[in-house]
Every structure is written in C-alpha cells, then in structure tokens.
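Chemist: got a predicted model here, sequence first, then my questions.
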Amino acid sequence: MIDETTRVRLRVQLTEEYARLEAEIAALDHEERTTQSEASGENAYRDHMADQGSATFEREMDMTFEENDRDELDRVRDAIARLDTGTYGICQRCSAEIPPARLEAVPAASLCIKCKEAEETR
C-alpha cells in the first residue's frame, strides 16, 4: 500500500499531467483547424501534389497524436477519480494491490503487472 506522502506526490503528478495533456490537445485542435482552413484556401492549386500529400500525412499524424493524448487524458482522469474514491492502487481486474514502484513509474496504472502482462499478450 502506498503511504500518504507518496499518494499526495502522485496526485500532484497526475494533476500536472492532466493539465499538460489538455494544453497539448488544445494546441493540436488549433493546429488542425488552422491547417484545414489553409487546405481549403485559394493556394490549393499552387501546391504540388507531393506537398499536398505531405500535408495530409502530417494532419493524419497530428490526429493520431491527439487521439493518443485523449486516451491518456482519460486514463489520468480515471486515476484521479480512483484517488478520490480510495480505490487508487488497486488492480481493476483482480483487486490485488498495485506495487508502489509500478505506480511511481506509471501513475495512471489501473492494472497490476500480472494483469497488464496478460492483457498485452492477448
């Protein structure tokens, strides 16, 4: 079981990560809107097809990054909720205690190492 000092430190870390992810998602959203605006502008015929392909690829990469950030934001939000309800540090699959070292390494972890390994081998 994690001690109160560690719990407070992990809450701060999760809260900071939540704020960072929100800012990153907002920046990606803004960049996507700007890029879409430019793509629909008058210069569409001036760009070479390869340039347009590169721009499309970059937009798709940004969308992937944003989706990954949103998934991580959900995991962080869930971890903060588990802290609030007192279930933080308990594996959501087998109800075993998640080792403090794992929580230190991955503060948003919801599964113990054994359950996480089992999930990844499926």
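Modeler: Nice, I can see it.

Chemist: same for the host helix or strand of D84, what does it pack against?
Modeler: Under the criterion of DSSP states H and E, D84 resides in helix 49-85. Under the contact criterion of 3 or more CB pairs under 8 Å, 6 or more residues apart in numbering; DSSP states H and E, helix 49-85 touches helix 4-39. Where you see a C-beta, it was placed from the backbone N, CA and C, and this is true even at glycine.

Chemist: thinking again about what came up before, flag every buried residue along the helix or strand following the helix holding D84.
Modeler: The C-terminal neighbour of helix 49-85 among helices and strands, as given by DSSP H and E, is helix 100-105. Across helix 100-105, burial judged by 16 or more other CB atoms under 10 Å covers R102, L103.

Chemist: now helix 100-105: how far from the chain's centre is it?
Modeler: When distances are taken as CA atoms, centre = their mean, to the nearest Å, helix 100-105 is centred 18 Å away from the chain's centroid.

Chemist: which residue is the nearest non-sequential neighbour of the one residue sitting closest to the centre of the chain?
Modeler: Nearest residue to the geometric centre of the chain (CA atoms, centre = their mean): E72, 2.0 Å. In this structure, E72 finds its nearest non-sequential neighbour in L21, 5.9 Å apart by CB to CB, 6 or more residues apart in numbering.

Chemist: noted, bye for now.
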